[in-house]
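S.K.: Got a predicted model here, sequence first, then my questions.
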Amino acid sequence: MKVRCPVCKNNNMISDEEVSGFLFSLHCEKCEQLLSVKITVQALSVVKTASARNVDTDDKNRVSTWIKENMDKLDLPVLPVLATRIQEARKDPNCSLDDVVALVQTDQIIASRILALANSAMYGGLVEITDMKRAINRLGLNVTETLVHALENRRIYSSENKQVKQILEDLWMHALGTALTSQIIAQELKMENVPEIFTAGLLHDFGYVLFVQALIQAKTFKVDLGSMNVEEFMEVAFEDHAKLGAHYLREKGLPKSLITIIACHEEIPEEEASNNSLHVVALANQLCKKVGLGPVHDADIRLELTESAQILGFNELKLADLEVKCEDMVQKVAACLE
Ligand SMILES: [Fe+2]
Ligand SMILES: [Fe+2]
């Protein structure tokens, strides 16, 4: 059996005889991190009866396969379009501030929030602004674009369904945290595609949102979400969330560079080892798990040992600084977006 260390990415090989039960622990041979390994099963029906011991690897029973096959029947979240339009418009060298203003004003709710943000303690100046052109001028085009993205994404994470309200809230904080942390890292590294990296951070765990929506709507599973706690849900969804999110967003026409980041953010394949945008989001994702932004909290993650931190040149000191910046930014921005 191969146990891949989530911290240093080392593959630890252990023989089946050494495996005792469905839950065991071992020290990673490379970084010595204590890893607790749970052998998970793929069929949702088994999650409902935790004592079951039959491992069903039949693809047909996988939730993600079912979602892929039934995508047209499910009422899945509408993807943000305004931010994408702004992003496209800005690629045109003739794009002016007026063009961006006109685009923002096509969505009155977003427009009013942008105006409020330009006057907020986070971005505000001394003089109150009441017109959109001056508001966008104060924020700057990059910040405006990322805020439109964040505002549009926020809508995806709200639901009237009480059973999923909390998990969606947690997933939203994680998405926002990963996006903002990715942005800080990309800015520090003076990377050129900062808005794109921010978007990738926002969308990296989109697969979980699909799982939530599908589980609410899919009577086939007969799953009572009320009896499934957040940990159980994350366990069911973890294995496939990255691939599922990438599949859905590819169908929606998102660019390949974004899809690669979404598909590979939990485990970077060798052929993407020099993809720095991917490393930025992967590191931000781990950092948010470490500080507890989102449904998963793992304070033991040693970020400095991760492949991404090493490739991007983030040592312990820089990472500690990044943690503080991330927590500070997320609280402030989240409050502004409510
Ligand atoms: Fe993820
Ligand atoms: Fe994540």
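M.R.: Structure received. Ligands and ions are numbered 1, 2, ... in the order given.
S.K.: use CA for all of it now, contacts and neighbours both
M.R.: OK.
S.K.: Just give the closest residue to residue 240, not the sequence neighbours.
M.R.: residue 64 (6.5 Å; Cα to Cα, 6 or more residues apart in numbering).
S.K.: Phi and psi next, for that neighbour.
M.R.: phi -60, psi -40 (degrees, to the nearest 10).
S.K.: What is the neighbour count of it?
M.R.: Other residues near residue 64 come to 24 when the count uses other Cα atoms under 10 Å.
S.K.: Counting by contacts, list what the longest helix seen in the chain packs against.
M.R.: Ranked by residue count, the top helix of the chain under DSSP state H comes out as helix 162-188. Other elements packing on helix 162-188 under the criterion 3 or more Cα pairs under 8 Å, 6 or more residues apart in numbering; DSSP states H and E are helix 194-203, helix 206-217, helix 276-291, helix 316-337.
S.K.: Export these to CSV and append columns for distance to residue 92, mean pLDDT and mean neighbour count.
M.R.: Below are the helices and strands packed on helix 162-188 laid out as CSV (distance: least, Cα to Cα, whole Å; pLDDT from 0 to 100; neighbours: other Cα atoms under 10 Å):
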stretch, distance to residue 92, mean pLDDT, mean neighbour count
helix 194-203, 15, 91, 25
helix 206-217, 28, 86, 21
helix 276-291, 23, 96, 25
helix 316-337, 29, 89, 15
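S.K.: right, so of these, which gets closest to residue 128?
M.R.: helix 316-337 (16.4 Å; Cα to Cα).
S.K.: my guess is the residue nearest to residue 240 contacts residue 244, does it?
M.R.: Yes. Here residue 64 reaches residue 244: they are 6.4 Å apart, a contact under Cα atoms under 8 Å.
S.K.: where does the protein have low pLDDT?
M.R.: Scanning the chain for pLDDT under 70 picks out 16-24, 36-61, 219-227.
S.K.: please redo it, this time with the cut-off set to 50
M.R.: Residue ranges of the chain with pLDDT under 50: 40-57.
S.K.: Show me the domain layout of it.
M.R.: 1-39, 82-330 (automatic domain parsing).
S.K.: And the ones you listed: which comes nearest residue 71?
M.R.: Relative to residue 71, the nearest member of the domains of the chain by Cα to Cα is domain 82-330, separated by 8.5 Å.
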